[in-house]
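1. Sequence plus the predicted model coming up.
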Amino acid sequence: MKGGTEAGAVAQLPAGESREAWGELPDPHQETAQIVCISRGSLSRGRELAEAFGRKLGYPILSREDLIEAATREGIQVGKLETSMMKPRAFTERLARERDHYLAFSTAFLCDRLLEGPLVYHGRTGHLLLGGVSHVLRVRVVADEEHRIRSAMQTLGLNRTQARRYLSEVEEDRRNWVKAMYGVSWEDVSQYDVIVNVERMNAGNAASALVAMSRLPDFQVTPASRRALDDLHLTARARLALARDPRTGGYGLSVTAHGGAVYVTYLPHDMEVAEDIVRVLEEVGGVRQVRATVAATSILWVQEVFDPASETFKEIVEIARKWSAAVDLVRYSPCEGDGVETRVEELTSPPRGRVESGIEEDQEEPADDGGLRSTVDALALEGRSGGGRSVHGERSGLVTSCCGSARRSLVVLGDLFLGKDPGAKQRMTRELRESIASRMRVPVVTADELRSHYLFGGADILRLVGYLALVVAMFAAVMMNQVTVLRFLSGELFGTGALRMYVAAVAVFLFVPIIAHSYGSVAKALMKLMKME
């Protein structure tokens, strides 16, 4: 079995083969049970509500504490992971890998329990681990601040001021955790099916209301939701197997599964891991095919100072997701003059493979690198990091460094030549753009042009509506006046001899480009809207 080429690696696995390491997936015709996920804040009586609900329906109850205990036995240092992700600092590549390991394990753990029977889970945001599975009732439990303050005072022995501060800090930590883990706001009401305020309702009555809601057809198992659960389960188990194995545990891999086939995408600079991906996944039960492919392309971003919180970063990540592309960073420090030599410094990466010590301890902040390391780490968290390097010297050296052998689909020139006046900065950026475009033969755009060229925005909406109205009007005019149009084209409406033919030819010559341009503009806007450009 071969892998590691641009075409990727594919493995066909015999159907029904026994897997000692994992065991086979459950029978796909077996009935899948419902799960109720209750998201509880600190001292909001969420645990009490979950237990009352479980008693009424006879469902077993699983808490976040149970999940954390199982993850700790897995070897995941959840406490350190949680502390690190709540800190106001940049993510590291190793932290991103540990986060992926935790998410894969948690998802597999919940799916395993759910396939055994119905379940009530209470924690922070367990439902976010089960995206795409419709037979999940998502409940958020809230309580008024005064009740929570009194509970904190009684439970923890705090005075009123201390209790208020404690609750504020805990809630802020949990908001940061959910945002870092899932990229959503914990308090976003669209993430829940129902929000229960237990201020004036006891747990038993609230549970009775939820029991009635859980029996609605909207939250019952369907063939589609069962398939979604099976695919999610296999995806999680494949991700977990790759995270556990020292040959693949240190790489940023994108994993999805569908109908027994597992698709793994790795970044261009990680091509050596392709064969190991196949070998690892061969041991996972239920996998019938493995397809490991390199990310289709990469985007090169050149800038003097990077900022992962910038709008340009968000736009480039959005484009990279659409194109399944890696993002390579080049930090350019211009230095013009005679005898100046170009110096290229590759940004070193953490060691590959399984890291036994878990999450790294806090270290001294590195010397100022213009935000290069923090941006590479932020890209790693998004699964789009293609690495980074610094280039010091003249523009010719930068052009040579950019025009390597890697496949590119786009080059983005951010803020460059910051020490120059606006006129010189614009001129030098334009010259650099022309030099790179002539050498690489790919689109080269400035950061200001990104949205208008590749992302659907407000201007595209106006353009789409305007051109669509024009196209509809022209087609309607032609279709409603077909006889007149035919008489015009044949020259029956005016003139005699050759004149009428010339007039008809000129009219067609002017009309066809207008309709073609309008129709093409509508198609382009629709393609951008559907992310198919």
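-> Thanks, I have it.
2. Pairing partners for His258 in the sheet, please.
-> Judged by DSSP bridges, the bridge partners of His258 are Ala261.
3. and it, how many neighbours?
-> Other residues lying near His258 total 14 when counted by other Cβ atoms under 10 Å. No exception for glycine: its C-beta is placed from N, CA and C like everyone else's.
4. I'd say it and Asp231 touch.
-> Yes - judged on Cβ atoms under 8 Å, His258 makes contact with Asp231 at a distance of 5.4 Å.
5. helices or strands up against whichever strand or helix holds Thr400?
-> Per DSSP states H and E, Thr400 falls inside helix 395-402. Helix 395-402 sits against strand 297-303, strand 325-334, strand 385-393, helix 422-440, with contacts defined as 3 or more Cβ pairs under 8 Å, 6 or more residues apart in numbering; DSSP states H and E.
6. Would you tell me which of the ones you listed gets closest to Leu216?
-> Checking these against Leu216 by Cβ to Cβ gives strand 325-334 as the closest, at 41.9 Å.
7. Going by neighbour count, which residues of the closest one are buried?
-> Ala325, Ala326, Val327, Asp328, Leu329, Val330, Arg331, Tyr332, Pro334 (16 or more other Cβ atoms under 10 Å).
8. again with stretch 280-296
-> 280-282, 284-295.
9. so how far is that stretch off the chain centroid?
-> Distance of stretch 280-296 from its chain centroid, counting by Cα atoms, centre = their mean, to the nearest Å, is 21 Å.
10. coming back round to it: pLDDT averaged over whichever helix or strand comes after the helix holding Thr400 - what is it?
-> Per DSSP H and E, the first helix or strand lying C-terminal to helix 395-402 is strand 408-413. Averaged across strand 408-413, the pLDDT comes to 86.
11. and strand 408-413 with helix 395-402, angle?
-> If you take axes from the mean of the first three to the mean of the last three Cα atoms, to 10 degrees, strand 408-413 sits at 150 degrees to helix 395-402.
12. Show me this structure divided up by domain.
-> Structurally, the chain divides into domains by automatic domain parsing as follows: 9-16+224-231+240-294, 35-220, 297-454, 458-529.
13. Tell me which of these sits most buried.
-> Most buried of those, by mean neighbour count (mean count of other Cβ atoms under 10 Å): domain 9-16+224-231+240-294, with a mean of 19.
14. just for the stretch 301-450 of the chain, where's the confidence low?
-> For the stretch 301-450 of the chain, the stretches with pLDDT under 70 are 336-342, 348-368, 404-407.
15. Repeat that for the stretch 51-200 of the chain.
-> 86-93.
16. mind listing the strands for it?
-> Along the stretch 51-200 of the chain, the stretches classed as strands by DSSP state E, counting those that start in this stretch are 61-63, 119-123, 136-142, 194-197.
17. what does the first one rub up against?
-> Contacting residues not belonging to strand 61-63 are listed as Arg47, Ala50, Glu51, Gly54, Leu110, Arg113, Leu119, Val120, Tyr121, His122, Gly123 [Cβ atoms under 8 Å, 6 or more residues apart in numbering].
18. do the third one as well
-> In this structure, residues lying in contact with strand 136-142 by Cβ under 8 Å, 6+ apart are 34-41, 44-46, 49, 127, 130, 189, 191-198, 210, 213-214, 219.
19. Contacts only, for the closest residue to Leu329 other than its chain neighbours.
-> The shortest distance from Leu329 to any non-neighbouring residue, by Cβ to Cβ, 6 or more residues apart in numbering, is to Gly388 (3.7 Å). Shown in contact with Gly388 (Cβ under 8 Å, 6+ apart): Asp328, Leu329, Val330, Arg331, Glu346, Leu347, Leu372, Arg373, Thr375, Val376.
20. tell me which of those residues is nearest to Gly252?
-> When the contacts of Gly388 are compared against Gly252 (criterion: Cβ to Cβ), the nearest one is Val376, at 11.1 Å.
21. Tell me who's in contact with the most centrally placed residue in the chain.
-> Centroid check for the chain by Cα atoms, centre = their mean gives Glu382 as the closest residue, at 5.9 Å. Going by Cβ under 8 Å, 6+ apart, Glu382 touches Val317, Ala320, Arg321.
22. Surely the first one and Val327 touch.
-> Spelled out, it's Val317. Yes - Val317 is within contact range of Val327, at 7.3 Å (criterion: Cβ under 8 Å).
23. shared neighbours of the two, which are they?
-> With Cβ under 8 Å, 6+ apart, Val317 and Val327 have common neighbours Leu379, Arg384.
24. May I have the helix holding Thr400 as PDB, with CA atoms only?
-> What follows is helix 395-402, C-alpha atoms only, in PDB (Å, rounded to 0.1, in the frame of the first residue of the first chain):
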ATOM      1  CA  ARG A 395      12.800  42.900  -2.600                       C
ATOM      2  CA  SER A 396      14.500  40.600  -5.100                       C
ATOM      3  CA  GLY A 397      15.400  38.200  -2.300                       C
ATOM      4  CA  LEU A 398      11.700  38.300  -1.100                       C
ATOM      5  CA  VAL A 399      10.500  37.500  -4.600                       C
ATOM      6  CA  THR A 400      12.900  34.500  -4.900                       C
ATOM      7  CA  SER A 401      11.900  33.200  -1.400                       C
ATOM      8  CA  CYS A 402       8.200  33.400  -2.400                       C
END
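25. And it, how far out from the chain middle?
-> On Cα atoms, centre = their mean, the centre of helix 395-402 falls 31 Å from that of its chain.
26. same deal with stretch 217-234?
-> 22 Å.
27. got it, and stretch 98-110?
-> The answer for stretch 98-110 is 16 Å, by Cα atoms, centre = their mean.
28. Contacts for that stretch next, please.
-> Contact partners of stretch 98-110, identified using Cβ under 8 Å, 6+ apart, comprise 35, 62, 67, 70-71, 74, 76-78, 81, 85, 91, 119, 121, 126, 129-130, 180-181, 232-233, 235-237, 239-240, 243-244, 249, 252, 358-359, 381.
29. Just give me the longest helix of this protein.
-> Ranked by residue count, the top helix of the chain under DSSP state H comes out as helix 498-529.
30. quick one: contacts for Thr222?
-> Here Thr222 is in contact with Ser134, His135 (criterion: Cβ under 8 Å, 6+ apart).
31. Now it, what are its backbone angles?
-> When quoted as degrees, to the nearest 10, the phi and psi of Thr222 stand at phi -120, psi 160.
32. per-residue pLDDT, it?
-> Predicted confidence (pLDDT) for Thr222: 88.
33. start to end distance for stretch 112-123?
-> 17 Å (Cα to Cα, to the nearest Å).
34. Wait, a helix at Thr265?
-> No - applying DSSP: H, G, I helix; E, B strand; the rest coil, one finds Thr265 to be strand, outside a helix.
35. That one reaches Ala325, doesn't it?
-> No - if you go by Cβ under 8 Å, Thr265 and Ala325 don't touch, sitting 10.3 Å apart.
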